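K.L.:
generate a structure from the sequence data that follows.
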Amino acid sequence: MAKSLSLEKILFSQGFGTRRYCQDLVWAELVKVNDVLMTDPDEKIDPEGSILEVDGQIWQYQAQAHVVFHKPSGYECSHKPSHHPSVYSLLPNPLIERGIQCVGRLDYDTTGLLLLTDDGQLIHRLTSPKKNIGKRYRITLAEPSSDVLVKRLLTGVQLYDEKTTSCANACEITGEYEIEMVIPEGKYHQVKRMVAAAGNHVTQLHRQAIGRFELPSDLAVGQWRWLSPEELRLATQTLE
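P.N.:
Numbers count the residues shown, from 1 in each chain. Predicted coordinates:
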């Protein structure tokens, strides 16, 4: 059995506000745990598996926040966006309050799989090139796809102001104007720059997978949900 915590600490850990505010929520009879109305913020509760209802909002307790999000085009992966709205504006406030971060940023016009978490070690594991966690992209091209383009991307291309070449882990033609490519890192505009260096141009970019975890087919654009333990395990496996 997990360690019991006071209701106030549980609410605070889930991002529902300061400890004083969390106390006030309970005293105002705005909190239920597993459908039971709570009146004492100091009451000890085993949080694992608990379903909270806070001022009408249903919330599943998560010791750490691991979220999958289907990113739409036109949103920046930044808390302080420059020219477009932030993806964080599409997420509930408790996630923002607990410090959730994007696991690698996608460009504002890139769509698809985005993971977010408040686990710094997980972010490092998924984004470090040394861990070789592949990210698979579906790329729509301005010019027809070709074996020459694929070979260049697999062999490695030289990006401007980079000392070493950038190579795709895998790359294949999937349509007349489409390829899929796997890379283990996420430098600034990397996919677009690699394709340009190889002699073509990206018109649309969609991230389909991280590790062995695929963007869920039933997750609508702009929607999020919690990652299951099995999905998290898949996301940390290499794509060979």
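
K.L.:
report all helices and strands that the helix or strand bottoming out on mean pLDDT in the chain contacts.
P.N.:
Least confident helix or strand of the chain, by mean pLDDT, DSSP states H and E, is helix 120-127 with a mean of 89. The helices and strands touching helix 120-127, judged by 3 or more Cβ pairs under 8 Å, 6 or more residues apart in numbering; DSSP states H and E, number zero. C-beta here means a position set from N, CA and C on the backbone, and glycine is covered the same way.

K.L.:
rerun that using 10 Å as the cut-off
P.N.:
When contacts are defined as 3 or more Cβ pairs under 10 Å, 6 or more residues apart in numbering; DSSP states H and E, helix 120-127 sits against strand 101-102, strand 111-117, helix 229-235.

K.L.:
of all those, which lies closest to residue 139?
P.N.:
strand 111-117 (11.2 Å; Cβ to Cβ).

K.L.:
in its sheet, what does the closest one sit against?
P.N.:
Strand pairing for strand 111-117, determined by DSSP bridges: strand 66-71 (antiparallel), strand 101-102 (antiparallel), strand 202-210 (parallel).

K.L.:
what's the closest of these to residue 79?
P.N.:
Here strand 101-102 is closest among the strands paired with strand 111-117 (Cβ to Cβ), at 8.6 Å.

K.L.:
quick check, distance from the closest one to the centre of its chain.
P.N.:
6 Å (Cα atoms, centre = their mean, to the nearest Å).

K.L.:
need the contact partners of that strand.
P.N.:
With Cβ atoms under 10 Å, 6 or more residues apart in numbering as the test, strand 101-102 has contacts from 65, 67, 69, 71, 76-79, 86-88, 114-120, 122-123, 127.

K.L.:
what sits against the residue nearest the centre of the chain?
P.N.:
Closest to where the C-alpha atoms of the chain average out (Cα atoms, centre = their mean) is residue 115, at 1.3 Å. The neighbourhood of residue 115, defined by Cβ under 10 Å, 6+ apart, consists of 66-69, 101-104, 122-123, 126, 207, 210-211, 213, 227, 231-232, 235.
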